[in-house]
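K.L.:
Have a look at this prediction, sequence included:
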Amino acid sequence: MSFYDEDKVIEAIEKCSRCVVNVSTVKLYHDYFYTTVPVKGMGSGAIIDSIGYILTNNHVIEGAKEITVTLANGRTLPGVLKGMCSETDTALIKVNEKNLPTVKLGDSDNLRVGQRVFAVGNPFGLVG
């Protein structure tokens, strides 16, 4: 007995994957000798608006001096922080691009215990 239609799951993940991005950051820290040291970081995000708004985690971009977004097709774009909330660990980044595919966000108020959910991300910058 199957609990879900595998083809529908695969179709949903393939559709969603086009909207997932890698978020790379550079943060500046001071070492023991007060030398400024750039430290790279990575995380994941999702395109939520076709004109370039991307939802990511606050902990990914917090303190970043440089943000670079890599799209599913491998293109890289500079990102600009538009807003962040440490309480909900969310942040909004904007890239200068139009006609991007967007992810459809669900409504967590409509979830039920035992229902399947899937997380799709690209925190390591792998394209393929």
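P.N.:
Received the coordinates, thanks. In this text the structure is predicted, and so the values were computed from the model without any measurement.

K.L.:
What confidence value was assigned to residue 2?
P.N.:
Listed pLDDT for residue 2 reads 56.

K.L.:
Tell me how many other residues crowd residue 112.
P.N.:
By other C-beta atoms under 10 Å, the residues close to residue 112 number 5. For glycine as for every other residue, the C-beta is placed from the backbone atoms N, C-alpha and C.

K.L.:
What strand or helix carries the closest residue to residue 91 other than its chain neighbours?
P.N.:
Take residue 91 and drop its neighbours on the chain: the residue closest to it by C-beta to C-beta, 6 or more residues apart in numbering is residue 84, 4.0 Å away. Secondary structure assignment for residue 84, by DSSP states H and E: strand 76-85.

K.L.:
separation between the residue nearest to residue 91 and residue 66?
P.N.:
For residue 84, the distance to residue 66 (C-beta to C-beta, to the nearest Å) stands at 16 Å.

K.L.:
If you count surrounding residues, which of those two has more?
P.N.:
Legend: neighbour count by other C-beta under 10 Å for residue 84 and residue 66, higher for residue 84 (18 against 13).

K.L.:
The more buried one and residue 67 touch, don't they?
P.N.:
No: counting by C-beta atoms under 8 Å, residue 67 is not a contact partner of residue 84; they are 11.5 Å apart.

K.L.:
State which strand of this structure is the longest.
P.N.:
Secondary structure of the chain per DSSP state E: the longest strand is strand 36-49.

K.L.:
list the helices and strands that strand packs on?
P.N.:
The elements that strand 36-49 packs onto, with contact taken as 3 or more C-beta pairs under 8 Å, 6 or more residues apart in numbering; DSSP states H and E, are strand 20-30, strand 53-56, helix 58-61, strand 64-70.
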